[in-house]
Structure formats: structure tokens, C-alpha cells
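A.B. asks: next comes the sequence, and after it the predicted model I'd like to discuss.
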Amino acid sequence: MSAATTTPRFSIGVSLKMYFTHSRTIEWATAIGETARRHPAVRTGLVDLFVVPTFPALVPVRDALGGAPVRLGAQDLASEDVGAFTGEVSGVELAEIGCTLAEIGHAERRRLFHEDDAVIAAKTAAALRNGITPLLCVGELEQAPPAVAALEVAVQIEAALTASAAAGLTGPLLIAYEPVWAIGAPEPAAPEHIRGVVAELDRHLASLPAHAGSRVVYGGSAGPGLLTALDGEVAGLFLGRFAHDPAAVEAILDEALALGPVTS
Ligand SMILES: O=C[C@H](O)COP(=O)(O)O
């Protein structure tokens, strides 16, 4: 087995949203930990694998992973760090229990919980302030050509960074590009659409020195076969339903291994 690469070529993560019971979450995480410990794509550092369970499952999942090289992410975080905010969970506490990622701005939180650009910007700043990588979810609302979609998404990214910029906060972002119309759908967006938007977003991120090291992964009905279809031109996937079977995660890791490290 080759030595671990310094920068993983792919980031591959799964949000469990609110689909599983606690016991099923732990069974799933145990299986993912077992896969991660032995799979060469993870062991060599080719893939940065992360899981995003519900809040009460974070510590049990961390323990079920049993030291496997899998990062832990939260599905949300508070915009404040301490105080009378019933029901909220701070970035301080998330960092303390080992979360290195926090999901921010998911379309479901915008649509169902009325999170707006200001909330998302405050949460992005809270993550950066606490040394947590924002897993910033962005995506166009309606189907549009890649250049048009990328413009809409770039505006969302800029809006999410306003509070961080004002506070002088820096750090890499993990952008989950999720076309809203492709979330919860039977199929992901077409590979050529994904490649087109992600290429534009990569160019946009390259113009943000405060967030050097950022990368874009694709989410929205992603599953086995998509990484291969994207031909290595996208830096990873953010999965939902189609990673509920641990065998699907293993299949995607196999695809990453077949694509291999960047050769140039
Ligand atoms: O957080 C994950 C995304 O929203 C994708 O979910 P999905 O693959 O079930 O559509």
C-alpha cells in the first residue's frame, strides 16, 4: 500500500438527515468504520471520508467508528457560542466532541426552517471561529444552464461569507453543491451539468484567498456510479439516501480507488 497522500483527492461524506433510528445509526456507523479501516482509498488518504449524523448520535457514532479515519460532522450549529439559546448546539461544544465539519445552509433548512442568508452567514462565521470547516450547502433553485446556475450559486457563497469577512475569519470551506431540484430526486443532475457548475465554482473559490484550500463536492441524489461518471473532475460527493446501505459507500470508495490520485 502506498503512503498516505497529503491532500485527499476526494472528499466523500454522508448526511443521515433524520432517516435512521439511533440503533440503526450506530449499526451503520460501525459498518462504515470497519470499511474505512480496511479500504485502501481511505487508508492511503486518497479519500477524506466523513459522516454527518444527528446531534444525539454524534458522540456514539464517534465511538462506534472506533478510531477509524472518518471525520465527524454536525448537521447544523448555532450562530452563537454560549448563552440562553434553548435547543441550539454551539460550535464550541461540537469542536469539543470532535466535530471537524458543520453543515450550514442546507436547502431543507432554508425551506422548512426559514434560514436565510443572514443566518447562514452567522453560522458560517461561528464554524470558522471555532475551527470547524463549514460544509456549506448551495445550489440553484430551478434547472438552468451551468453558467447561469453557477452565477446563482456564487451569489449564495458570497452571501454566506459576509459575516466571516467582517470578522476577519479565514479558513477552507467544503462546498456541497446541491441543485435544489436534484435533492430527494430519483437521479442526480447530469454529469455534464455538475462538471460545468463545479468548474465555475472552483474558479470562484480560487479568487478567495481567505478561503484557500476550499473544495466543491456534489450532492443531490448522488450514489454509486456518479464519481466514475464525473471522471474525477469533481472533488467528491455528499450523499444522502443512496448511502444508507454501507455497501454503497464501499462501492463509491472502490470507484475513487479506480480513479486514483491526481497524476499531473
Ligand atoms: O445532504 C444530502 C443531500 O441533500 C442529498 O440527499 P439525497 O441524496 O437523499 O437527495
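C.D. replies: Good, I have the coordinates.

A.B. asks: what backbone torsions are found at the residue of the stretch 101-250 of the chain found nearest the ligand?
C.D. replies: Of all residues in the stretch 101-250 of the chain, the one sitting closest to the ligand is Gly240 (2.3 Å; Cβ to the nearest ligand atom). C-beta here means a position set from N, CA and C on the backbone, and glycine is covered the same way. Per-residue torsions, Gly240: phi -120, psi -110 (degrees, to the nearest 10).

A.B. asks: burial measure for it, as a count.
C.D. replies: Residues near Gly240, counting by other Cβ atoms under 10 Å, number 20.

A.B. asks: what of Ala127?
C.D. replies: By other Cβ under 10 Å, 29 other residues sit near Ala127.

A.B. asks: skipping its backbone neighbours, what lies nearest it in space?
C.D. replies: Pro134 (4.4 Å; Cβ to Cβ, 6 or more residues apart in numbering).

A.B. asks: just checking, the one you found is part of a helix?
C.D. replies: No. Using DSSP: H, G, I helix; E, B strand; the rest coil, the assignment for Pro134 is strand, not a helix.

A.B. asks: got the contact list for it?
C.D. replies: Contacts here follow Cβ atoms under 8 Å, 6 or more residues apart in numbering; on that basis Pro134 touches Leu101, Ala102, Ile104, Lys123, Thr124, Ala127, Leu128, Ala160, Leu173, Leu174.

A.B. asks: quick check: the two most widely separated of those?
C.D. replies: Spatial extent of the contacts of Pro134 (Cβ to Cβ) is set by the pair Leu101 and Ala160 at 14.9 Å.

A.B. asks: where along the stretch 151-264 of the chain do the strands fall?
C.D. replies: Residue ranges of the strands in the stretch 151-264 of the chain, as given by DSSP state E, counting those that start in this stretch, are 174-177, 215-219, 236-239.

A.B. asks: mind giving me the packing neighbours of the longest one?
C.D. replies: Under the contact criterion of 3 or more Cβ pairs under 8 Å, 6 or more residues apart in numbering; DSSP states H and E, the helices and strands touching strand 215-219 comprise strand 10-15, strand 174-177, helix 191-206, strand 236-239.

A.B. asks: pairing partners for the last one, with directions?
C.D. replies: Using DSSP bridges, the strands paired with strand 236-239 are strand 10-15 (parallel), strand 215-219 (parallel).

A.B. asks: show residues contacting the last one.
C.D. replies: Spelled out, it's strand 215-219. The contact list for strand 215-219 (Cβ under 8 Å, 6+ apart) reads 11-13, 137, 172, 174-178, 183, 188-189, 194, 198, 201-202, 205, 226, 230, 234-240.

A.B. asks: give me the buried subset of the residues you listed.
C.D. replies: Buried subset of the contacts of strand 215-219 (neighbour count, 16 or more other Cβ atoms under 10 Å): 11-13, 137, 172, 174-178, 183, 188-189, 194, 198, 201-202, 205, 226, 230, 234-240.

A.B. asks: show the pLDDT at Thr6.
C.D. replies: pLDDT for Thr6: 70.

A.B. asks: tell me the residues of the stretch 51-200 of the chain that contact the ligand?
C.D. replies: Applying Cβ under 6 Å from any ligand atom, we find that the stretch 51-200 of the chain lies next to the ligand at Glu178, Ile183, Gly184.

A.B. asks: quick one: contacts for the first one?
C.D. replies: Translated: Glu178. Glu178 touches His106, Ala107, Cys137, Val138, Gly139, Tyr218, Gly219, Gly220, Phe238, counting by Cβ under 8 Å, 6+ apart.

A.B. asks: so how far is His22 from it?
C.D. replies: 26 Å (Cβ to Cβ, to the nearest Å).

A.B. asks: the second one too?
C.D. replies: Plainly put, Ile183 is 24 Å away from His22 if you go by Cβ to Cβ.

A.B. asks: what bridges to the residue in the stretch 1-150 of the chain that the ligand sits nearest to?
C.D. replies: Nearest to the ligand in the stretch 1-150 of the chain, going by Cβ to the nearest ligand atom, is Ser15, at a distance of 3.8 Å. Residues in a beta bridge with Ser15, per DSSP bridges, are Val52.
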